[in-house]
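Chemist: fold the following for me, if possible:
(one chain, ligands or ions: 2)
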Amino acid sequence: MYRVSYDLHIHSCLSPCGDEDMTPANIAAMAALKELQVIALTDHNSCGNCPAAAAEAARNGLVFLPGMELTTQEEVHVLCLFSELSQAMAFSAYVYGRLLPMENRPEIFGRQLVYNERDELAGEERRMLAGSTDIPFLDAQGLAEDYGGLMIPAHIDKNANSLLHNLGFVPEGSRFSCVETARPERWEELAKSHRFLRGCRRICNSDAHYLGDIHEAEYFLEVRERSARGVLEALRGKNSGGALGKNS
Ligand SMILES: [Zn+2]
Ligand SMILES: [Zn+2]
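Modeler: Numbering: from 1, shown residues only. Ligands and ions are numbered 1, 2, ... in the order given. Modelled structure (predicted):
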């Protein structure tokens, strides 16, 4: 088993709320500087900057997971992570068709910038990516799996856009295996009130919208192989590695 440092929730300049300095090249360089070994790019409802981020991560010797932060019909944020870029891009194209048809208003929400693999600005997404989709929470897991990925309820303990805030409970029929917690110190308390969570792995990510907020190497995963596949396997719980561990 290998112990790898990770940050699996990072926004790029494609998210309207992401800083324009969050280019794929800057993100990968900053992650490497912070001694992270595994990163994922998770923009709102799009994997549009994942091809560029995959190339930049490779240049910096990082394991990269293409992903997105999907907004469900209930406005719950969930991370969808993949091991293959092609899977993520197909998933992204599908989600695009289920986004509410709203135009972005860059002067209010910020621009949504797409970069290519040569670190050049390649375009601007006009459709509002930070709105919600019409995908119900209970469908998200199966949908991510259909494309070879994994769904992780994001910042489950945050007071906005989270499963426990928006729904207030873990719905019957849920079968996710991992959750993201924004406040790991409150995990025990949370698991006491929500029985389902006791069987889940938990991860803690930065949800960075600014370069400086990307995590240092402070959380680690035990993986059987140092690859995107190995990371997904660990998050699915198919090995004995603990998903959350701060400096341990
Ligand atoms: Zn979120
Ligand atoms: Zn986020």
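Chemist: beyond whichever strand or helix holds Met30, next helix or strand please.
Modeler: In this assignment (DSSP states H and E), Met30 forms part of helix 24-33. Tracing the chain past helix 24-33, the next element assigned as helix or strand by DSSP H and E is strand 38-44.
Chemist: so does that following strand get close to ligand 1?
Modeler: No. Judged by Cβ under 5 Å from the ion, strand 38-44 stays clear of ligand 1, getting no closer than 7.8 Å. All C-beta atoms are positioned from the backbone trio N, CA, C, and that covers glycine.
Chemist: could you export whatever helix or strand comes next after that strand as CSV, CA atoms only?
Modeler: Tracing the chain C-terminally past strand 38-44 and defining elements by DSSP H and E, one meets helix 50-59 next. The C-alpha coordinates for helix 50-59 follow below in CSV (Å, rounded to 0.1, in the frame of the first residue of the first chain):
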residue,chain,number,x,y,z
CYS,A,50,-10.1,18.5,-17.3
PRO,A,51,-8.1,17.8,-20.5
ALA,A,52,-5.8,20.8,-19.8
ALA,A,53,-5.6,19.9,-16.1
ALA,A,54,-4.7,16.3,-16.9
ALA,A,55,-1.9,17.5,-19.1
GLU,A,56,-0.6,19.9,-16.5
ALA,A,57,-0.8,17.4,-13.7
ALA,A,58,1.2,14.9,-15.8
ARG,A,59,3.9,17.6,-16.4
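Chemist: and helix 50-59 with strand 38-44, angle?
Modeler: For helix 50-59 against strand 38-44, the angle by axes from the mean of the first three to the mean of the last three Cα atoms, to 10 degrees is 160 degrees.
Chemist: check which residues of the one helix or strand in the chain whose mean pLDDT sits lowest are buried.
Modeler: In the chain, no helix or strand scores lower on mean pLDDT, DSSP states H and E than helix 187-193, which sits at a mean of 91. Going by neighbour count (16 or more other Cβ atoms under 10 Å), the buried part of helix 187-193 is Trp187, Leu190, Ala191.
Chemist: which residues touch it?
Modeler: The contact list for helix 187-193 (Cβ atoms under 8 Å, 6 or more residues apart in numbering) reads Ile156, Asp157, Leu164, Thr181, Leu197, Arg198, Arg202, Leu244.
Chemist: gap between His155 and ligand 2?
Modeler: Separation of His155 from ligand 2 (Cβ to the ion, to the nearest Å): 7 Å.
Chemist: my error: substitute Ser227 in the last question.
Modeler: 24 Å.
Chemist: same question, Pro66
Modeler: Pro66 sits 15 Å away from ligand 2, going by Cβ to the ion.
Chemist: SS state for that residue?
Modeler: strand (DSSP: H, G, I helix; E, B strand; the rest coil).
Chemist: then the least confident helix or strand of the chain to CSV, C-alphas only?
Modeler: The C-alpha trace of helix 187-193 is given here as CSV (Å, rounded to 0.1, in the frame of the first residue of the first chain):
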residue,chain,number,x,y,z
TRP,A,187,-17.4,13.8,12.3
GLU,A,188,-18.2,11.7,15.4
GLU,A,189,-21.1,14.0,16.2
LEU,A,190,-22.4,13.7,12.6
ALA,A,191,-22.0,10.0,12.5
LYS,A,192,-24.0,9.7,15.7
SER,A,193,-27.0,11.4,14.2
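Chemist: which helix or strand lies directly C-terminal to that helix?
Modeler: strand 201-203.
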